[in-house]
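Chemist: Quick one: sequence plus predicted model below, questions after.
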Amino acid sequence: MSNNSTILIPQTTYTGPGSQTLNGEKFKGDGYYGRTDGLHTVQINTTGFTGAVSFQGTLEIDPGEQDWSTIFINDVNSNTLGSVDTTGAVVQSAGTTISALDLTNNTGSLNYNFTGNYVWVRARITDWTQGIVNSIYMNN
């Protein structure tokens, strides 16, 4: 990622036991700056990570926990991985409802794009049972 990247989640190690959940801090999205393209690029860097990673956005200036919605993401080739249904859940084109990108013993970097004029964006990790999140970056 470029030098203008924001670290949504810094290096964090699973501490166990059991499944962990981690909400990243809120960071300014395109809507905060009044940009019109809404393009955000994220990079997930992990080592031996098993868990689910999702991204959430809000249009609220001062959001409460209830104001966050899951964002659908595209791969770097802009192939749609899912879309948001009327409940805010992510739905794959085949109709299977997903709430996050599920990773098993993943090591490496994954890059995704999403579009939306979100005022704030955050990363969310759920069902985390092993490994390290080296970093999750966002560039917008």
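Modeler: In hand now; what should we look at? Numbers count the residues shown, from 1 in each chain.
Chemist: Need the three-state assignment for the most far-flung residue of the chain relative to its centre.
Modeler: Distance from the C-alpha centroid of the chain, by CA atoms, centre = their mean, peaks at P17 (23.7 Å). Secondary structure, DSSP: H, G, I helix; E, B strand; the rest coil: P17 is coil.
Chemist: Identify the spatial nearest neighbour of N134, chain neighbours not counted.
Modeler: Using CB to CB, 6 or more residues apart in numbering and skipping the chain neighbours, the partner closest in space to N134 is N45 (4.0 Å). Yep, even glycine has a C-beta here, placed from its N, CA and C like the rest.
Chemist: Counting neighbours, what do you get for that neighbour?
Modeler: 20 (other CB atoms under 10 Å).
Chemist: After the strand or helix carrying T107, heading C-terminal, what element do we hit next?
Modeler: In the assignment (DSSP states H and E), T107 maps to strand 101-115. Following strand 101-115 in sequence order, the next helix or strand is strand 120-139 (DSSP H and E).
Chemist: partner strands of that next one, parallel or antiparallel?
Modeler: strand 6-9 (antiparallel), strand 12-13 (antiparallel), strand 20-23 (antiparallel), strand 27-28 (antiparallel), strand 39-58 (antiparallel) (DSSP bridges).
Chemist: what's the second one in contact with?
Modeler: Strand 12-13 has contacts (CB atoms under 8 Å, 6 or more residues apart in numbering) with L22, G131, I132, V133.
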